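Peer 1: here you go, sequence then predicted model.
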Amino acid sequence: MLQAGVVRALGTMSGTSLDGVDAAVLDTDGQQIFGFGPSDYRAYTAQEQAVLKAHLGCWQTDDCVQASKIVEETHIAVMQLFDVVDIAGFHGQTLAHDPGGRGTHQCGDGTRLAQTLGYPVVWNFRTADVAAGGQGAPLAPFYHFALAKWIKADAAVAFLNLGGVGNITWIDPACDDPTDPGALLAFDTGPANAPMNDLMRNRLGKDYDADGAIAAQGRCDDAIIAAFMAHPYFSMPAPKSLDRDAFKTLTQAVSALSDADALATLVQAVVRSVMAACAQCPRLPQKLFVTGGGRRNKTLMSGLADALPCDVAAVEAVGLDGDMIEAQAFAYLAVRTARGLPISSPQTTGVAHPMTGGRIASAFKSAD
Ligand SMILES: Nc1ncnc2c1ncn2[C@@H]1O[C@H](COP(=O)(O)OP(=O)(O)OP(=O)(O)O)[C@@H](O)[C@H]1O
Ligand SMILES: CC(=O)N[C@H]1[C@@H]2OC[C@@H](O2)[C@@H](O)[C@@H]1O[C@H](C)C(=O)O
């Protein structure tokens, strides 16, 4: 049983970029943020990454034993570096996501983590929402709402996460609770780093286009962008969510271009999808705070700043750590789950009512 009041929660995230495990400590009561603790990161080796990639699209636990083992062991290794943890949130690795069809699948067993680490671990965050008719994603938005309060935002703001996939949360900080109908609107914007990373890996054997340096040399192919923006996803009303590889046609379309032109085109695809996302927000945010590894891509950041009619800045501008927001989010959601508070709502996943979610794995093996 979690003690009352503010607790020390450790959150972990292994995102769709497949780059590694982020882990971060948050002091919270499940509603307010009281402070940030230490954080750490464990990169996947090229071999581990290849195994995870080979299991993308896998739905059955029995078919992804090797991937689950990698996810569990890397998480345990990084989580063991932290002391004084009251509870942890373990997202796992999304291998497949099809909320309107087969569901959503994050691999990794939270019970193994809890029993090894000796504290309760909340996991399986997305399944209940999908079972109730929601998208199961994005789930960071309630944490983004708490962050808007933490930075004392006094006008509408948005957080844009640029991971493998992009997602945005628009927030009205005048509201008191994230489940208030007008408090926020959140959804996946489109592909972000995943297509660029895949291109870098396949063509140049590198993880990513550091700082967007190669993209900066290229020219965007406008016909490819026009075809990309005609995808029905962009006119679908929010909330909505995406699987990592939902835009395979974009990857195929740039395959005949030079490295620089292909990357410049993929950067522009992100910029245009974020423009479309801003147009779907209830009103223009005064500021757009960018989090996730994509904020380090200078070509992408200057593309966003040029294209959007609002201020664009990395979250570091307001004293936050853009590498750790998602890990902190799962620390926050773990405490909400332990306290019986909702973690999703009609405005975040499209589920009919605010929903609790997540399973709590106890540190102790059950007697049977
Ligand atoms: N210096 C850099 N220049 C360009 N891109 C970068 C740089 N550093 C990181 N990135 C990009 O950010 C990615 C990692 O981002 P992040 O950690 O936010 O992804 P993630 O945790 O998988 O996210 P999500 O769960 O949101 O998909 C890298 O794979 C790379 O594409
Ligand atoms: C199914 C899934 O894992 N989705 C991820 C992915 O990565 C970014 C975007 O797509 C977002 O919807 C989500 O992650 C973040 C942490 C979220 O749930 O808010």
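Peer 2: Done, it's in. Keep in mind that what you see is a predicted model, and the values were worked out from it rather than measured. Ligands and ions are numbered 1, 2, ... in the order given.
Peer 1: residue numbers of the protein in contact with ligand 1?
Peer 2: Residues of the chain lying near ligand 1 by C-beta under 6 Å from any ligand atom: 13, 15-17, 19, 161, 163-165, 193, 197, 208-212, 292-294, 296-297, 326. Backbone N, C-alpha and C define where each C-beta goes, glycine included.
Peer 1: quick check: domain ranges of the protein?
Peer 2: Under the assignment automatic domain parsing, the domains of the chain span 7-138+324-361, 152-318.
Peer 1: could the ones you listed go into CSV alongside mean neighbour count, distance to Ala146 and mean pLDDT?
Peer 2: Below are the domains of the chain laid out as CSV (neighbours: other C-beta atoms under 10 Å; distance: least, C-beta to C-beta, whole Å; pLDDT from 0 to 100):
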stretch, mean neighbour count, distance to Ala146, mean pLDDT
domain 7-138+324-361, 21, 5, 97
domain 152-318, 19, 8, 97
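Peer 1: tell me which element Leu333 is part of?
Peer 2: helix 325-338 (DSSP states H and E).
Peer 1: correction: the previous question concerned Ile360.
Peer 2: Here Ile360 is assigned to strand 359-361, by DSSP H and E.
Peer 1: what's the answer for Lys149, then?
Peer 2: Assigned by DSSP H and E, Lys149 belongs to helix 141-150.
Peer 1: could you point out the helix or strand that follows that helix?
Peer 2: Heading C-terminal from helix 141-150, the first helix or strand you meet, by DSSP H and E, is strand 157-162.
Peer 1: strand partners of that next one, parallel vs antiparallel please.
Peer 2: Partners of strand 157-162 in the sheet, by DSSP bridges, are strand 165-171 (antiparallel), strand 287-291 (parallel).
Peer 1: and the angle from it to helix 141-150?
Peer 2: If you take axes from the mean of the first three to the mean of the last three C-alpha atoms, to 10 degrees, strand 157-162 sits at 130 degrees to helix 141-150.
Peer 1: and the angle from strand 157-162 to helix 325-338?
Peer 2: Using the same axes, to 10 degrees: strand 157-162 against helix 325-338 is 110 degrees.
Peer 1: how far does strand 157-162 sit from the chain's center?
Peer 2: 11 Å (C-alpha atoms, centre = their mean, to the nearest Å).
Peer 1: could you do stretch 211-223 as well?
Peer 2: Worked out by C-alpha atoms, centre = their mean, stretch 211-223 lies 25 Å from the chain centre.
Peer 1: try stretch 200-220
Peer 2: 22 Å.
Peer 1: now the end-to-end length of that stretch.
Peer 2: 17 Å (C-alpha to C-alpha, to the nearest Å).
Peer 1: pLDDT of the helix holding Lys149, averaged?
Peer 2: Average pLDDT, helix 141-150: 98.
Peer 1: residues in the stretch 151-300 of the chain within reach of ligand 2, list them.
Peer 2: So far as C-beta under 6 Å from any ligand atom goes, the stretch 151-300 of the chain lies against ligand 2 at Asn161, Gly163, Gly164, Val165, Asn167, Asp188, Ser241.
Peer 1: what about the strands in the protein?
Peer 2: For the chain, applying DSSP state E gives strands covering 7-14, 20-28, 33-43, 87-98, 103-107, 121-123, 157-162, 165-171, 184-191, 287-291, 311-314, 359-361.
Peer 1: closest one to Pro342 among the ones you listed?
Peer 2: Between Pro342 and the strands of the chain, the tightest spacing by C-beta to C-beta is seen for strand 184-191, at 12.6 Å.
Peer 1: grab the nearest non-local neighbour of Val351.
Peer 2: Once flanking residues are discounted, Val351 sits nearest to Gly134: 3.0 Å by C-beta to C-beta, 6 or more residues apart in numbering.
Peer 1: go ahead and confirm the one you found touches His353.
Peer 2: No: look at Gly134 against His353 with C-beta atoms under 8 Å: they stay out of range, at 9.7 Å.
Peer 1: quick check, the residue in the stretch 101-250 of the chain closest to ligand 1?
Peer 2: Among the residues of the stretch 101-250 of the chain, Gly163 lies nearest to ligand 1; the distance is 1.9 Å by C-beta to the nearest ligand atom.
Peer 1: show me what contacts Thr28?
Peer 2: The contact partners of Thr28, by C-beta atoms under 8 Å, 6 or more residues apart in numbering, come to Val6, Val7, Ala9, Phe34, Ala146, Ala331, Tyr332, Val335.
Peer 1: re the thing from before, the helix holding Lys149 packs against which elements?
Peer 2: strand 33-43, strand 157-162, strand 165-171, strand 184-191, helix 325-338 (3 or more C-beta pairs under 8 Å, 6 or more residues apart in numbering; DSSP states H and E).
Peer 1: need the CA coordinates for the longest one. PDB is fine.
Peer 2: Written as PDB, here are the backbone C-alpha positions of helix 325-338 (Å, rounded to 0.1, in the frame of the first residue of the first chain):
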ATOM      1  CA  ILE A 325       9.400  14.200 -19.800                       C
ATOM      2  CA  GLU A 326       8.000  10.800 -20.900                       C
ATOM      3  CA  ALA A 327       9.800   8.900 -18.200                       C
ATOM      4  CA  GLN A 328       8.500  11.400 -15.600                       C
ATOM      5  CA  ALA A 329       5.100  11.100 -17.100                       C
ATOM      6  CA  PHE A 330       5.000   7.300 -16.300                       C
ATOM      7  CA  ALA A 331       6.200   8.100 -12.800                       C
ATOM      8  CA  TYR A 332       3.200  10.500 -12.500                       C
ATOM      9  CA  LEU A 333       0.800   8.000 -14.000                       C
ATOM     10  CA  ALA A 334       2.000   5.200 -11.700                       C
ATOM     11  CA  VAL A 335       1.000   7.300  -8.700                       C
ATOM     12  CA  ARG A 336      -2.300   8.200 -10.300                       C
ATOM     13  CA  THR A 337      -3.000   4.500 -10.800                       C
ATOM     14  CA  ALA A 338      -2.100   3.700  -7.300                       C
END
